[in-house]
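Q: build the 3D model from these lines:
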Amino acid sequence: MSISKLICQASSTLHTKRERRKDARPGELLAAALDLFVEKGYAATKAEEVAKRAGVSKGTLFLYFASKEELFKAVVRENISGRFSEWNSEFDAFEGNTADMLRHCMTLWWARIGCTKASGITKLMLSEAHNFPELAAFYQREVIQPAHELIRRILQRGVDRGEFAPVDMKYGVYTVVAPMLFLQIVMRSQTACFEDCEATQVVPEEYIAVQVQTILNGLRVRSPSSTPPGQGNPSL
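A: Take a look at the predicted model:
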C-alpha cells in the first residue's frame, strides 16, 4: 500500500473516532451531570466539574447545553420525563385487570427509576425547589403532572371497569405517590437520617408488595353487607 493511501486511511480512521467521540459526548455529559447533581445537589454542582468528570472542556459542555439549568433539564428528560410516552403506551396495551396493572406499574417504577441514580433527582427537587422556582415549575410540568395523570388513568380504568370503588381522583393519586416517595427518601437518606432505625431494614420489593396490597384493599368494590363495623347507619 502506498504512503498516500496509508495516510488517507489513518486520517479516515481518526475522523471516524472523532465522530464517534463527538456523538458520545452528550450522553457522557448527561451521565456525569446526573452523578454530580445527585451527589452534591443542584446549587453546589459546577459546570466545570461536570465537564471534567465527562473528560471534556467546559467550553465543550456549553456547545451542547447553553447553561447549567438547561443541562439539568436535559438530565431530567433523559432519565424520567422522556419516558412517559413509553409508559402511556404500555398502559394502552395492557390487557390484564387493573389490580395487576397497578402492581406492574409500581414494581416497574422501582426497577426503572427507584433503584437507579435517577431517583436522587426527586430528593434534590424536594430540598432545592424553593431556591430555583424555574426548575420547580419545569419539574412540575414535565414530571409531576404527567406522573399524576398516568396514575389517574390507572385508577379511573379500575373504576370504569367496576374493579375499584369510586375515589376522589384529586387525592386518590397520592395513595400511590406517597408510599413511593417515602421509599425514595428512605433509600436515599438511610445513613444520614435513618441510621439504626427500622427504616434501614426496608426491602424495596417487599415494601412495594405490601403497599400495593394495602392500596388494593382500600380500592376494592364492596357489597353493602361488607360495610366495616362502626361505619354503618348511625341510628342503628
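Q: what about this protein, any weak spots by pLDDT?
A: Low-confidence segments of the chain (pLDDT under 70): 1-24, 190-200, 224-236.
Q: if we use 50, what do you get?
A: Under the criterion pLDDT under 50, the flagged ranges of the chain are 6-8, 10-21, 192, 229-236.
Q: domain assignment for it?
A: 3-68, 80-225 (automatic domain parsing).
Q: could you dump those into CSV and include distance to Ala74?
A: C-beta: built from backbone N, CA, C; applies to glycine. Listed next are the domains of the chain as CSV, based on distance: least, Cβ to Cβ, whole Å:
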stretch, distance to Ala74
domain 3-68, 6
domain 80-225, 9
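Q: including mean neighbour count, could these go into a markdown table?
A: Output for the domains of the chain, formatted as a markdown table (neighbours: other Cβ atoms under 10 Å):
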| stretch | mean neighbour count |
| --- | --- |
| domain 3-68 | 14 |
| domain 80-225 | 15 |
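Q: these two touch, right, Lys58 and Glu48?
A: Yes - Lys58 is in contact with Glu48 according to Cβ atoms under 8 Å; the separation is 4.7 Å.
Q: this structure: helices as residue ranges?
A: 3-40, 47-54, 58-64, 68-79, 84-93, 98-109, 120-128, 133-139, 145-160, 169-172, 174-193, 204-219 (DSSP state H).
Q: who touches the shortest one?
A: What it means is helix 169-172. Contacts with helix 169-172, where a contact means Cβ atoms under 8 Å, 6 or more residues apart in numbering, come from 152, 155-156.
Q: tell me how far that helix lies from the chain's centre.
A: 20 Å (Cα atoms, centre = their mean, to the nearest Å).
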